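Enquirer: When you get a sec, could you give me coordinates for this:
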Amino acid sequence: MANKDDSPRDSAPDLQILGDQITLQPSGFVEPPRKEEQEEALMRHMASFRSEPLQFLREVSLYVSGTGWRAYDNVIGQPIFYSGFSENMKNSILSAPLLQTRITQLADQRLLVEEKQGLLPSADKRARRRAELMQGLHEVAEKQADNMICKFESKTFIRGAYYLVTQLLTRAYHQGIHVSSEEVLRLRKVAEEAERKKQSIVFLPCHRSHVDYCALQLICYRLGLALPVVVAGDNLNFPLVGSFLQHAGAMYIRRQFGDDVLYGTLVQAYIDTMLQGGFNLECFIEGGRSRTGKLLPPKFGILSFILDSLLSGRVEDAIICPVSTQYDKVIETEGYVTELLGVPKKKENLADFLTGGSSVLSLKLGRVDVRFHEPWSLRGFINEQMSRMSKIPKNMDWANNKEDAMARQKILRTLGYKVLADINDVSVVMPTALIGTILLTLRGRGVGKAELIRRVEWLTGRVRAKGGRVAHFSNARLGDVIERGLEVLGKDLVGVVEGLVEPTYYAVDRFQLSFYRNMTIHLFISEALICAALYTRVKQGGGPANQDIPYQDLYNQVLFLSSLFRGEFIFPSEGLVANLEKSLASLVTDKVISLKRDESGKIVTIGLADEERAAGRENYDFYCFLIWPFIEASWLAAVSLLGLTPPRELTGQDIWIPVAKAQNSAQLLGKTLYHQGDLSYFEAVNKETLKNSYQRFEEEGIVQVVKSKDPKIPPRLRLAPEWLPERDPQTGALVPSGRLWDFTEKIASSRREGKNRRDGATVSTRVVRLTDTLGRKLFEDALKANEGKGKGSAPSKLSAEEAKALKKEVKERKRRRTLESRVAHL
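Expert: Sure, this is the predicted structure:
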């Protein structure tokens, strides 16, 4: 973002690449004005056959012949794209000692079973049967490996693929792909050192779009780095497209391994082989794409395999490189909204792929910014973590010893959240994110152009003050950048009312626009929680003194909200007390709050600053508006749990409800409450946020979840007995009291109040009645399913085996909390 207050430190200069020439634009560079686009990107719009047929044909011929950098020769990294690459990789995997040992174990286990059944009376028959089992397992492993591994076979193919994907991408993102020259030069040096040591670079990007892996592959190709092998779900392995992606770098793995021990070992052997050979790897730290715009909690599957490669000693080291990919506009956001409102996700297919590919050619989606965190040694990270665990024995048994396994789990979790923090550190806030954030954090229906510029400028300053980065736009004026952002967002997201004193902009699709607001929320989550905690007093009204909150009360509410959103946001790693003090100081500096201290200097109370009151609470409101939709969603999820109380006639019966149906019921309740005025934000019915809330409730023991070994039976849940509300003995109505009600009210104390909000008595009667009505339907459906009358039925009762597993899980959860507390002090 460029305006008069910009300084070179905001971002390193972009790298300008035109054809075969690479130019570094120094910090503070001001390009002479000209008619065409003033931004230079890593990749620019390529020639069109219709408008420039000769130039188009020239570009195609350069790729076909492999002229200059397009030849993709002399890349930094281990040899790839040669005939026989796939076969060599497969042979290395299948001959891995780890896999061979597993095959032997599985064969011997089956032999023992058959011996007990009397099927192998002689040693000869046993030997022949063992050979048959070994051969069969080898064939299965070979077939699975062939479907799994990427196939870097042909330079001609990758040159053509690069040209095709670049054509599509730079037409959709017409302002190109931008990188930081400083980060790219640093990455090349790291890659040269990794090549010398035969070490892999493990790229760990965030995941918001299918464009993510295209962008990173294109950058590596253009800069002459060895392409990483990209971990992809096998849902993308459909005809034609699956093969194309596999030859461009995709390795396919199942979403779930189940009890397939051989498959899990095969994946580990493949990861080992790549890391031992120094081949680069790319894995999305969040697993799937974020439908909400913010980072998702880390998924530990592939990270766990990588960690085991090093912990076992099979691999010496690997280089970790967190990557942030930001967009002016994400192609899939409209589809995300549909999914989040409860419409099932469509399975990927060729027809949709071709239709989507052709439609992007006409889009004008702005630009893509890719930023690379400074790479670091995974071995160094592991050693650092273990040095903090002084009580851990030298020869750790990671697999069998429970305390050692907990220590390993702590290292894994710390690794995952460190990567997310690193991604946030280098993320660039795009103009569309600034605009979306401002439009969704104002009280009015709309905002004038001058006010929009003023608030975006304020937010830009706050982003920088928090250590964030704002997209670099050379010498463009702030007003022009905002115009560009509004154009990219389009009239479907942001409308404008003409014919007034000044053009007035308003949010058309608040649900979809929240995707862009969520790209900034990680920077201000601590301040937002403090303001939401303070709101428990501010909402009571009265004079300033009446709205002040004692420090301990504020601390308790911030602690409660932080725990509630533990799976929703990535919090700073300093700890609650240190982070609270830093955030309070930041809000004081910004003149949002004021602190009153006692004689010893301890904070006694916190209240709104006089300057903030005089300004109409605009900055304080900004922080509240950021967090309120999430508080609403958590409140909605907690209220929906009341409906899991069995009806009076079923009291005492142990009935289990499918998790998906309970969450769908919560979403239906939310839609009803929104249209009746009891929810301020339609975003509160967001399927992903409700799902996260249910996950937290399970972790806290509020609900109990049972997962069957039968894949056809979905996970089921019930309220934990100690959390069950009571019913009126005469009417059978739910009584708004008890442990669950108090929990819900604690969330509600930080909810937004307004003219559309019903009073507490109405919430405790009508809202609870609606919840109970939906809950009764859940129990009726569960009983029908038990009789085999329901669609996709799941038994409402637990089997003896499931009941035993539940008892064990409840006991294990208590033990785990004890161990986690113990490990935390190692």
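
Enquirer: Could you verify that residue 326 is part of a strand?
Expert: Yes. Using DSSP: H, G, I helix; E, B strand; the rest coil, the secondary structure at residue 326 is a strand.

Enquirer: Wait, it touches residue 519, no?
Expert: Yes. With contacts counted by C-beta atoms under 8 Å, residue 326 reaches residue 519, the gap being 7.0 Å. Yep, even glycine has a C-beta here, placed from its N, CA and C like the rest.

Enquirer: Between these two, tell me which one has more neighbours.
Expert: Neighbours per residue, other C-beta atoms under 10 Å: of residue 326 and residue 519, the larger number sits with residue 519, 27 against 23.

Enquirer: hang on, the more buried one packs against residue 433?
Expert: Yes. Contact criterion C-beta under 8 Å: residue 519 and residue 433 qualify, at 4.1 Å.

Enquirer: joint contacts of the two?
Expert: Shared contacts of residue 519 and residue 433, defined by C-beta atoms under 8 Å, 6 or more residues apart in numbering, are found at residue 326.

Enquirer: still on that earlier bit, need the overlap of contacts for residue 326 and residue 519.
Expert: Common contact partners of residue 326 and residue 519 (C-beta under 8 Å, 6+ apart): 427, 429, 430, 433.

Enquirer: ok, residue 729 - how many residues close by?
Expert: The number of residues packed near residue 729 is 8, by other C-beta under 10 Å.

Enquirer: Sorry, slip of the keys, the one I care about is residue 119.
Expert: Using other C-beta under 10 Å as the criterion, residue 119 is surrounded by 12 other residues.

Enquirer: Give the buried residues for stretch 658-671.
Expert: The neighbour-count check on stretch 658-671 (16 or more other C-beta atoms under 10 Å) flags 658-659, 661-671 as buried.

Enquirer: Quick check: the gap between residue 129 and residue 99.
Expert: Taking C-beta to C-beta, to the nearest Å as the measure, residue 129 and residue 99 are separated by 21 Å.

Enquirer: again, but for residue 296
Expert: In this structure, residue 296 and residue 99 are 32 Å apart, going by C-beta to C-beta.

Enquirer: Same question for residue 602.
Expert: Per C-beta to C-beta, residue 602 is found 61 Å from residue 99.

Enquirer: so what's residue 624 closest to, chain neighbours aside?
Expert: The shortest distance from residue 624 to any residue other than its chain neighbours is 5.0 Å, reached at residue 531 (C-beta to C-beta, 6 or more residues apart in numbering).

Enquirer: Residue 247 falls within a helix, correct?
Expert: Yes. Following the definition three-state DSSP, residue 247 is counted among the residues of a helix.

Enquirer: Skip the chain neighbours and tell me the closest residue to it.
Expert: Distances taken as C-beta to C-beta, 6+ apart place residue 151 nearest to residue 247, at 5.0 Å, with adjacent residues excluded.

Enquirer: for residue 539, same thing?
Expert: Of all residues not flanking residue 539 in the chain, residue 753 sits nearest, at 4.8 Å (C-beta to C-beta, 6+ apart).

Enquirer: right, and the one you found touches residue 541 too?
Expert: No. Counting by C-beta under 8 Å, residue 753 sits too far from residue 541 to count as a contact (9.5 Å).

Enquirer: Compare neighbour counts for the two and give me the winner.
Expert: residue 753 (14 against 9).

Enquirer: any weak-confidence spans in the stretch 301-450 of the chain?
Expert: Per-residue confidence of the stretch 301-450 of the chain (counting by pLDDT under 70) places the weak regions at 345-362, 390-402.

Enquirer: At which residues are the helices of it located?
Expert: Secondary structure of the stretch 301-450 of the chain by DSSP state H, counting those that start in this stretch: the helices cover 301-311, 333-340, 350-359, 378-387, 402-426, 431-439, 449-465.

Enquirer: Would you mind finding the most buried of these?
Expert: When neighbours are counted by mean count of other C-beta atoms under 10 Å, the highest per-stretch mean among the helices of the stretch 301-450 of the chain falls to helix 431-439, a mean of 27.

Enquirer: How about the helix or strand encompassing residue 689, which residues are buried there?
Expert: Per DSSP states H and E: residue 689 is located in helix 687-699. Residues of helix 687-699 classed as buried under the neighbour-count rule (16+ other C-beta under 10 Å) are 687, 688, 689, 690, 691, 692, 693, 694, 695, 696, 697, 698.
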